[in-house]
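# Okay, here's the prediction I keep looking at, along with the sequence it came from:
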Amino acid sequence: MNSETNVPDDYFYVLGRNGTVRKFDLGRGFLSLRNAFLVSNGSYVLTGFERPQPDGSPMSGYVMILNGTKVVWSRTFQINDPSCLCYIIPGWGKIDGNGCATFGLYDGYATYCNGKLTFHKEDNNP
């Protein structure tokens, strides 16, 4: 049995009072998603995860911000240094009352606020 049959498609569901409001298809990988996080301030939701390659090394990371069921922003991150076996998405994020989000990346962290994404290359994440 190959590993593709072992890992089903990944989905993210937004639930309301009467059940599923929206379903996001996150695609299929050879291994399960890892370093997933989900945080909310009551209005906005920040979620992210990392998708590994079949050998377990990093392949890509994905981050999405929602306001209700509306996607405000989303982006896929690829690793720039293929020799780095570090996590693309280390598995943390935070979001403030205005929907401004900060989340970890393999070489620092990023902040998304009011339509602008800013990268901060640092060794220490806030």
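Noted; the coordinates are in hand. Residues are numbered from 1 along each chain as shown.

# Gly19: what's it in contact with?
By CB atoms under 8 Å, 6 or more residues apart in numbering, Gly19 lies in contact with nothing. Yep, even glycine has a C-beta here, placed from its N, CA and C like the rest.

# Please, where are all the helices along the protein?
For the chain, applying DSSP state H gives helices covering 3-6.

# got the contact list for the residue nearest the centre of the chain?
In the chain, the residue lying closest to the centroid (CA atoms, centre = their mean) is Gly48, at 1.6 Å. The neighbours of Gly48, taking CB under 8 Å, 6+ apart as the test, are 35-37, 61-64, 89, 91, 93, 103.

# Can I get the buried ones among those residues as something I can paste into ChimeraX?
The following ChimeraX line selects those of those that are buried, judged by 16 or more other CB atoms under 10 Å:
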select :35,36,37,61,62,63,64,89,93,103
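
# Compile the contacts of Gly48 into a markdown table and extend it with columns for distance to Arg17.
Formatted as a markdown table, these follow (distance: CB to CB, whole Å):
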| residue | distance to Arg17 |
| --- | --- |
| Asn35 | 31 |
| Ala36 | 25 |
| Phe37 | 25 |
| Gly61 | 32 |
| Tyr62 | 28 |
| Val63 | 27 |
| Met64 | 22 |
| Ile89 | 31 |
| Gly91 | 30 |
| Gly93 | 26 |
| Phe103 | 29 |
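
# Output the below-cut-off pLDDT ranges for this protein.
For the chain, the stretches flagged by pLDDT under 70 are 1-7, 123-126.

# if we go to 50?
1-4, 124-125 (pLDDT under 50).

# Looking at the contacts of Gly48, which one is closest to Val71?
Met64 (6.2 Å; CB to CB).

# Go ahead and confirm the closest one touches Thr76.
No: taking contacts as CB atoms under 8 Å, Met64 lies outside contact range of Thr76: 9.9 Å.

# circling back to that earlier point, between the contacts of Gly48, which is nearest Pro8?
Nearest to Pro8 among the contacts of Gly48: Ala36, at 15.3 Å, using CB to CB.

# Nothing else from me, thank you.
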